[in-house]
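Colleague: Prediction below, plus the sequence it came from.
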Amino acid sequence: MRGVLMSRVGKHPINIPKDVEVSLANGILTGKSKNGQFRCEINTSVVSVEISDSKVFFGALSDDKFSRSMWGSYRAIVFNSIRGLCSHFEKKLNLVGVGYKASVQGANLVMQLGYSHDIIFPIPAGVKIVCEAPTVIVVSGSDKQIVGEVVKQLQKFRSPEPYKGKGIIIEGQYVHRKEGKKK
C-alpha cells in the first residue's frame, strides 16, 4: 500500500513582502500593494489559512485526496498573486513571417499577420502590451493567469506552423518543424 501523499508545495509558508498588505476575512484572502490588488476565495472546509509573522501558512483539514490537492493549489495561486504584486509577470511574443508586424494604437493592439485585413485586439484591463519592435510584443501584468490567457488569445490569431515556422511564437517555445513534400 502506498504511503500518505503530502503536498511538497503546500507545506512551505509564503513570505509577505513589506510593501504588500495581506488580510483574511470570511474565507477571502485579499492583498494590496502599489502595483494592484488580488482577491482569492478559499474553501475553508478543505484548507486552513493562517497569517502570522508576515507569513501565510496553509494546511489540509483532512487526509482525503481532494483536500491535499487543493492545499498545494491554493498555496500556488496565492504565492503567484503576491509575487505579481511585487513585480509584474511578462511574456514576449515574436511574430515570425513575411510582413508580420504589430503596433499599439490607443487601447488596441493592431496586428498585420498576412490576412487581407488588420487584426484589432482590445487590450484588457490589468494587462499592459508594448511593442518593443514591429515583430516583438511584450505582454505584462500582475495576474499570471490573465497574462497567460491574453498570450494564448493572441497566439490563436496565427498559431505556429510546423512547415515554414511562421506564426506568433512565445519566447522560449519550441516549434517542432516538419519536412515538406519531396519531389
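Modeller: Noted; the coordinates are in hand. Numbering: from 1, shown residues only.

Colleague: Now stretch 158-173: buried residues?
Modeller: Buried residues in stretch 158-173, counted by 16 or more other C-beta atoms under 10 Å: 158, 160, 166, 167, 168, 169, 170. Where you see a C-beta, it was placed from the backbone N, CA and C, and this is true even at glycine.

Colleague: quick one: the second one and residue 177, what's the gap?
Modeller: According to C-beta to C-beta, to the nearest Å, residue 160 stands 10 Å off from residue 177.

Colleague: do the fourth one as well
Modeller: Per C-beta to C-beta, residue 167 is found 12 Å from residue 177.

Colleague: got it, and the first one?
Modeller: Here the distance between residue 158 and residue 177 works out to 17 Å (C-beta to C-beta).

Colleague: The fifth one now?
Modeller: Residue 168 sits at a distance of 16 Å from residue 177 (criterion: C-beta to C-beta).

Colleague: Just give me the longest helix of the protein.
Modeller: In the chain, taking DSSP state H as the definition, the longest helix is helix 65-86.

Colleague: Look up phi and psi at the residue nearest the centre of the chain.
Modeller: The chain has residue 144 as the residue nearest its centroid, 2.6 Å off, counting by C-alpha atoms, centre = their mean. For residue 144, the backbone dihedrals (degrees, to the nearest 10) come out as phi -60, psi -40.

Colleague: Strands of this protein, residue ranges please.
Modeller: In the chain, strands defined by DSSP state E lie at 14-15, 21-25, 28-33, 36-41, 47-52, 55-60, 89-96, 101-105, 108-112, 119-122, 127-133, 136-141, 167-170, listed in chain order.

Colleague: Given the third one, what are its sheet partners and their directions?
Modeller: Read it as strand 28-33. Sheet pairing for strand 28-33, assigned by DSSP bridges, gives strand 21-25 (antiparallel), strand 36-41 (antiparallel).

Colleague: ditto for the last one
Modeller: Strand 167-170 pairs in its sheet with strand 89-96 (antiparallel), by DSSP bridges.

Colleague: mind listing what's buried in the strand it pairs with?
Modeller: Buried-residue list, strand 89-96, by 16+ other C-beta under 10 Å: 89, 91, 92, 93, 94, 95, 96.
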